[in-house]
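Enquirer: sequence and computational prediction follow.
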Amino acid sequence: MKKLLSMLLVLSLMLGLSTMAMAENPVEIIFWHAMGGVNGEAITKMADDFNVANEGKIKVIVEYQGGYDDEINKIKAAGMSALPCDVVQVYDIGSRFMIDSGWVKPVQELIDADNFDISQIEPNIAAYYTIDGQLYSMPFNSSTPLLYYNVDAFKEAGLDPATPPKNFDEILEMSEKLTVKGDDGKVVRYGFGMGNYGWFFEQWMGKMGLHYVDNGNGREAPATQVVFDENGGAAAVFNVWKKLMDEGVITYLGRGNNDAKAAFISGDIAITLESTAALKSLLTNVGDSFEIGTGYFPNIHPDDVGGVSIGGGSLWALNSGNEAKEKASWEFIKYMISPEVQAFWNAQTGYFPITVATHELDAFKANLEQYPQFGTAIEQLHATGPDFVGSLLSVFPEARSLVETYTERVINGELSVDAAVENLAREINSAIEIYNLTN
């Protein structure tokens, strides 16, 4: 009897050690992301919760890689020899490169293997990442541009705060009333101000119902050249910039959106353009200084009938060849887009919840009630048709930088609109040609 008990004790210890060993050796996957500040803190919290729920089975190691450009450059550098991670967050304009790289495992394959119900993804968001009939990456931090305005300034100027401008003709008209000058004649508050941001240029192509590049906007086949020079889109955008500067209702606020955002928060401009993802930050920083209103991203012309396309980023699974890691990556991706997690993500950051069911959760409804301005973003998303899903381009990061360079040269009077369009098209086409020849 004693011998039997001893054997059972030894067996029990062995099983305990075996279970412990399993718990100490979960499948580890590395997740690269490009979210700093509160967004990065939210991602860390989400990953930590996932690790707790999957203790002993899967462990996600979260690694921040800097901004989007930093991250994709690290992928390019590391991928030549060894893939550096298992799941990576990449911005929308990196999609064509990721597909061409051959390093990814399309999430459609993981979806099909798991019989995952893709109908729960917002159709207008999934459409951007659907190429050749399959979803290549999973939408995650999705946004569109919005118009933001100072409600208090509208009231002071005698403007209806319930009717924000819908196009640049209206922006110019309202800005004349919103611009405030001091006794010395200097402008104290400009009516309008926006950053020189290449993303806006891309959005205005869609708002005008025009393509950015050939081959069905790069969706029927990889793009070979831009078409915004031929269809008049680039000239229309540059002419708006020139008119705004000539009218004196706008001051140049630099590249990107940081300076424009700061000017709006401080009350130096009454209307600005920013991402939907900036809403929470703007509301927090403005506080009780003034009330913020939101409107649709403005049209270039009053009769434009296009729509906005999704910005932000998505989650890509890399093709490691390790089945256990790929399955673990899929479990993590599914968790990150689950309704409850998306409700948390939306509340913390202002990005769209990409899962339809999130809208039915009390947490999402409470956040929308607290920040009704976000309702504008949802309405604008649903009002956009699938024809305006946005373009795909292999050299989008370089193209976006060139757009900002030539916008700046028009603003500074260095080039005419026609010369700027011609030079911009030539430089982007050259970059496309080089990429296509070497890939």
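Expert: Looks like it came in fine. Everything numeric here is computed off the predicted structure, so don't read it as measured data.
Enquirer: neighbours of Met336, just the number please.
Expert: By other CB atoms under 10 Å, the residues close to Met336 number 23. Any C-beta I mention is one placed from the backbone N, CA and C, and that applies to glycine too.
Enquirer: give me the nearest residue to Ile118, chain neighbours excluded.
Expert: In space, Ile118 comes closest to Ile111 once its chain neighbours are excluded; the distance is 5.8 Å by CB to CB, 6 or more residues apart in numbering.
Enquirer: that neighbour touches Leu135, doesn't it?
Expert: Yes. Taking CB atoms under 8 Å as the definition, Ile111 is a contact partner of Leu135 at 6.7 Å.
Enquirer: overlap in contacts, the two.
Expert: Ile118 (CB atoms under 8 Å, 6 or more residues apart in numbering).
Enquirer: what about the residue nearest to Ile118, neighbour count?
Expert: Neighbour number of Ile111 under other CB under 10 Å is 19.
Enquirer: against Thr44, how distant is it?
Expert: 26 Å (CB to CB, to the nearest Å).
Enquirer: same check, this time on Thr276
Expert: Applying CB to CB to Thr276 and Thr44 gives a distance of 22 Å.
Enquirer: among those two, which residue is more densely surrounded?
Expert: Thr276 (28 against 14).
Enquirer: residues contacting the more buried one?
Expert: Contacts of Thr276 (CB under 8 Å, 6+ apart): 143-146, 350-352, 374, 377.
Enquirer: closest to Leu315 out of the residues you listed?
Expert: For the contacts of Thr276, the closest approach to Leu315 (CB to CB) belongs to Tyr351, at 12.8 Å.
Enquirer: so where do the strands sit in the chain?
Expert: 27-33, 58-64, 87-91, 104-105, 130-131, 134-135, 138-143, 145-150, 180-181, 187-192, 269-275, 292-296, 311-318 (DSSP state E).
Enquirer: is it possible to get TSV of those that adds mean pLDDT?
Expert: Below are those laid out as TSV (pLDDT from 0 to 100):
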stretch	mean pLDDT
strand 27-33	97
strand 58-64	98
strand 87-91	96
strand 104-105	94
strand 130-131	92
strand 134-135	94
strand 138-143	95
strand 145-150	98
strand 180-181	92
strand 187-192	93
strand 269-275	97
strand 292-296	97
strand 311-318	95
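Enquirer: mean neighbour count added to those, as TSV?
Expert: TSV is the format used below for those (neighbours: other CB atoms under 10 Å):
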stretch	mean neighbour count
strand 27-33	21
strand 58-64	17
strand 87-91	25
strand 104-105	18
strand 130-131	19
strand 134-135	17
strand 138-143	26
strand 145-150	26
strand 180-181	12
strand 187-192	20
strand 269-275	26
strand 292-296	20
strand 311-318	25
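Enquirer: adding distance to Thr251, write these out as a markdown table.
Expert: Below are those laid out as a markdown table (distance: least, CB to CB, whole Å):
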| stretch | distance to Thr251 |
| --- | --- |
| strand 27-33 | 35 |
| strand 58-64 | 34 |
| strand 87-91 | 28 |
| strand 104-105 | 43 |
| strand 130-131 | 40 |
| strand 134-135 | 43 |
| strand 138-143 | 26 |
| strand 145-150 | 16 |
| strand 180-181 | 13 |
| strand 187-192 | 6 |
| strand 269-275 | 8 |
| strand 292-296 | 20 |
| strand 311-318 | 25 |
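Enquirer: for the nearest residue to Ser119 once chain neighbours are set aside, list the residues it contacts.
Expert: In this structure, Ser119 finds its nearest non-sequential neighbour in Val356, 7.9 Å apart by CB to CB, 6+ apart. By CB under 8 Å, 6+ apart, the contact list for Val356 reads 119-122.
Enquirer: the nearest residue to Ile432 once chain neighbours are set aside and Phe352: what is the separation?
Expert: In space, and not counting its chain neighbours, Ile432 is closest to Val395: 5.7 Å by CB to CB, 6+ apart. According to CB to CB, Val395 and Phe352 sit 27 Å apart.
Enquirer: compare the two (neighbour count), which wins?
Expert: Using other CB under 10 Å as the criterion, Val395 and Phe352 rank with Phe352 on top: 27 against 22.
Enquirer: quick one: contacts for the residue nearest to the more buried one when sequence neighbours are not counted?
Expert: Leaving out its chain neighbours, the residue that sits closest to Phe352 by CB to CB, 6+ apart is Ser142, at 4.5 Å. Ser142 sits next to 122, 125, 310-314, 351-352, 354 when contact means CB under 8 Å, 6+ apart.
Enquirer: identify the bridge partners of Ser142.
Expert: Per DSSP bridges, the residues bridged to Ser142 are Gly312, Phe352.
Enquirer: how much space separates it from Gly390?
Expert: When Ser142 is compared with Gly390 (using CB to CB), they lie 12 Å apart.
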